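> what shape does this take:
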Amino acid sequence: MTGVQPLEPVDENWQKALAVVAHPDDLEFGSAAAIARWTAQGKEVVYCLLTSGEAGIDGVDPAECGAVREAEQIESARIVGVSSVEFLGQPDGTIEYGVALRRVITAVIRRYQPEIVITNNFRDTWDGDVALNQADHISTGRATLDAARDAANRWIFPDAGDQWTGVRQVWAGGSPQSRHAADITDTFDLGVQSLKAHKAYLDGLNNPDFDPAEFLESAARATGTRLGTTYATRFEVFTP
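Purely as a prediction, here's the structure:
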């Protein structure tokens with residue numbers, strides 16, 4: 001592993017986190033096993049999904065798809081110990097970064113008052129090279145990072161709830177620029193189960209060879225090697 005930089009453990013000295021991502025399944029393709037670790041420690045984690053994933057299954061009309069994917073997300077969250085799941089009704093596939101999106105996320109942060117905010121990778125790629133990220137992920141992550149700062153400024157979006165200055169860090173899961181990680185060795189299987197709960201979505205991929213455990217293990221094992229554990233999930237850590 002010459003030239004591969006070791007990762008530092010994320011700071012787990014906190015009690016409440018808010019996860020803000022674009023779609024149902026976004027957390028399950030990376031961070032869910034870490035969330036299972038934290039809920040097992042007695043921490044509280046809340047999920048906020050900007051969309052219902054209504055445009056995510058090619059063979060299912062969005063009018064029907066959204067409800068299916070919401071139900072799958074709620075079950076997936078339950079598996080890793082999360083009981084609070086909110087869907088914010090943004091348009092799947094066409095989320096736009098900007099002031100309006102920052103206001104929506106600022107309101108959520110002020111309402112739930114987390115110490116840690118979790119989002120997805122918002123870099124252009126997943127590997128720092130050619131594996132392109134998706135536009136909704138990029139817009140959501142960037143707006144979430146900005147909203148963590150906005151929430152602390154009483155003069156920005158005064159109509160979006162009371163000022164909250166308690167966000168200590170924002171963690172972007174799966175970023176190619178990650179320098180931190182969480183050990184998921186003991187909760188890896190729960191992460192696999194949570195991804196499998198998105199059955200309609202996975203079936204809609206029309207890839208009979210896709211194996212959720214195999215997919216997650218590949219990244220988790222490589223990240224674990226850099227952390228010094230069997231399995232781990234990587235995060236890029238920001239201080240608002």
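> quick one: low-confidence parts of this protein?
Applying pLDDT under 70 to the chain flags the ranges 1-3.
> give me the contacts around the longest helix along it.
When the chain is parsed with DSSP state H, its longest helix is helix 62-79. Taking contacts as C-beta atoms under 8 Å, 6 or more residues apart in numbering, the residues outside helix 62-79 that touch it are 23-25, 27-28, 32, 36, 47, 49, 52-57, 60, 83, 85, 87, 92, 190, 193-195, 197-201. C-beta: built from backbone N, CA, C; applies to glycine.
> out of those, name the ones that lie in helices.
Counting by DSSP H, the part of these found in helices is 32, 36, 190, 193, 194, 195, 199, 200, 201.
> and those residues, which are buried?
32, 36, 190, 193, 194, 195, 200, 201 (16 or more other C-beta atoms under 10 Å).
> just flag the most distant two among those residues.
36 and 200 (22.0 Å; C-beta to C-beta).
> pretty sure residue 24 sits against residue 55.
No: the criterion here is C-beta atoms under 8 Å, and residue 24 misses it with residue 55 at 11.5 Å.
> can I get the ones in helices among the contacts of helix 62-79 in JSON lines including distance to residue 156?
Below are those laid out as JSON lines (distance: C-beta to C-beta, whole Å):
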{"residue": "32", "distance to residue 156": "32"}
{"residue": "36", "distance to residue 156": "34"}
{"residue": "190", "distance to residue 156": "38"}
{"residue": "193", "distance to residue 156": "40"}
{"residue": "194", "distance to residue 156": "35"}
{"residue": "195", "distance to residue 156": "36"}
{"residue": "199", "distance to residue 156": "41"}
{"residue": "200", "distance to residue 156": "39"}
{"residue": "201", "distance to residue 156": "35"}
